Structures are given as C-alpha cells and as structure tokens.
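Asker: take a look and give me a structure for this.
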Amino acid sequence: MFTLLGAASGLLAVAAGAFGAHALRARIPADLLAVFETGVRYQMYHALALFAVAWFSTRSTAPQVAWAGWLFVAGTIVFSGSLYALSLTGVRWLGAITPVGGVAFLAGWLALAWAAVSRT
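Answerer: The predicted structure follows:
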C-alpha cells in the first residue's frame, strides 16, 4: 500500500512541479509561486519517505511503521494541499492550516524512529 501511495504521490509531485514551472510562472506572483514550490518539495520528500516506510514494513511488525506511513499521507494532503490551495487562490488564511500538516510530518518521522528503536 505504501509503495503505491509513494509512487502516486511522487507522480503527482512531478506533475505539480511541471505545472508550477510552466503554467503558473507567468500567472501568479513570485511569492505565491515559491509557496507552491514548497508544497511540491515537501510532497516529493514524503513520497520518498513512503518508500522507506514500505521497505521498513517488510522488516518490522511494529505498528508505528504503518502509523508513520499514514501520518506522511495525512501530512502531504494537509501541508502540501493547503500550500497548493493558498498559492492558487491567494486566500492567505489557508496558511494557518499548513502547520497541522507539518505536525503530521513530524509525528510520522517520530513514529518511524520509534519503530526503528522497537525493532519488533
């Protein structure tokens, strides 16, 4: 499941990056383009993290491995999604949602570390 989600997220990150570079560059202000690019970058980082979760899940039965994967998925949706929405609409209050996704990312990394220490 996490291999599939990582691949899908990576594909969407590449597509979003291309969209930002080619379709948005001339249409939105530079500061909002930078916001969009931050969403793309973190989506790609966590697409790769999902591959790490998929790999680690073959070596550990610790439930924290799956928690990490789902937290990375949630973080991508909330963090990157809110940045995409903010940059495309210009609605600045959407930036207030972004930290919730960041906390999900942090919790995912913590869960992955916990699973590594548990080694069950």
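Asker: toward the C-terminus, what is the element adjacent to the top helix by length along the chain?
Answerer: Ranked by number of residues, the top helix in the chain under DSSP state H is helix 30-57. Remark: after helix 30-57, the chain's next helix or strand is helix 63-75, criterion DSSP states H and E.
Asker: which strands and helices sit next to the helix or strand just after that following helix?
Answerer: Heading C-terminal from helix 63-75, the first helix or strand you meet, by DSSP H and E, is helix 81-89. Helices and strands touching helix 81-89, by 3 or more C-beta pairs under 8 Å, 6 or more residues apart in numbering; DSSP states H and E, are helix 30-57, helix 98-118. From N, CA and C alone the C-beta is placed, and that goes for glycine too.
Asker: so for the longest helix of the chain, what's the average pLDDT?
Answerer: Averaging pLDDT along helix 30-57 yields 97.
Asker: of the helices and strands packed on helix 81-89, flag the one that's most buried.
Answerer: With neighbours defined as mean count of other C-beta atoms under 10 Å, these peak in mean count at helix 30-57, which reaches a mean of 19.
Asker: tell me, what residue is most central in this protein?
Answerer: With distances taken as C-alpha atoms, centre = their mean, residue 76 lies nearest the centre of the chain, 2.9 Å away.
Asker: my guess is that residue contacts residue 9. True?
Answerer: Yes. In this structure residue 76 lies within contact range of residue 9 using C-beta atoms under 8 Å: 5.9 Å.
Asker: what about residue 15, neighbour count?
Answerer: 11 (other C-beta atoms under 10 Å).
Asker: secondary structure element for it?
Answerer: Assigned by DSSP H and E, residue 15 falls in helix 2-19.
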